[in-house]
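Peer 1: just to be clear, the model below is a prediction. Sequence and coordinates:
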Amino acid sequence: MTTPIPLPHPLLDIRELSEYLGVPVSTIYDWRSRGVGPRAYRFGKHLKFAVADVTEWIEAQRDPAPAASSQPSRR
């Protein structure tokens, strides 16, 4: 019996990614068609998403910090 080779990153299928992000699977396909979603690996007709790539993509979606106002706050 052979020992399985560990993957460098855990992989999610599209359903697992959908559940994780709380968005429909169709949204992920739409993001992919527009080139704005997380990177994926293709194994035949199956898409797999590395958790590390998803985490990186999520961080890139973060809104920038609000700019500090030049006006003093009024209380």
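Peer 2: Thanks, I have it.
Peer 1: Pro38: neighbour count?
Peer 2: Applying other CB atoms under 10 Å, we find 22 residues neighbouring Pro38. Glycine gets a C-beta too; all of them are placed from N, C-alpha and C.
Peer 1: over to Ile28?
Peer 2: Residues near Ile28, counting by other CB under 10 Å, number 20.
Peer 1: same question for Phe43.
Peer 2: By the criterion of other CB under 10 Å, Phe43 has 9 neighbours.
Peer 1: also Val36?
Peer 2: Using other CB under 10 Å, the number of residues around Val36 comes to 11.
Peer 1: and what of Arg32?
Peer 2: Other residues within reach of Arg32, judged by other CB under 10 Å, total 15.
Peer 1: now it: closest residue in space that isn't a chain neighbour?
Peer 2: With CB to CB, 6 or more residues apart in numbering as the measure, Ala40 is the residue that lies nearest to Arg32, at 7.0 Å, once sequence neighbours are left out.
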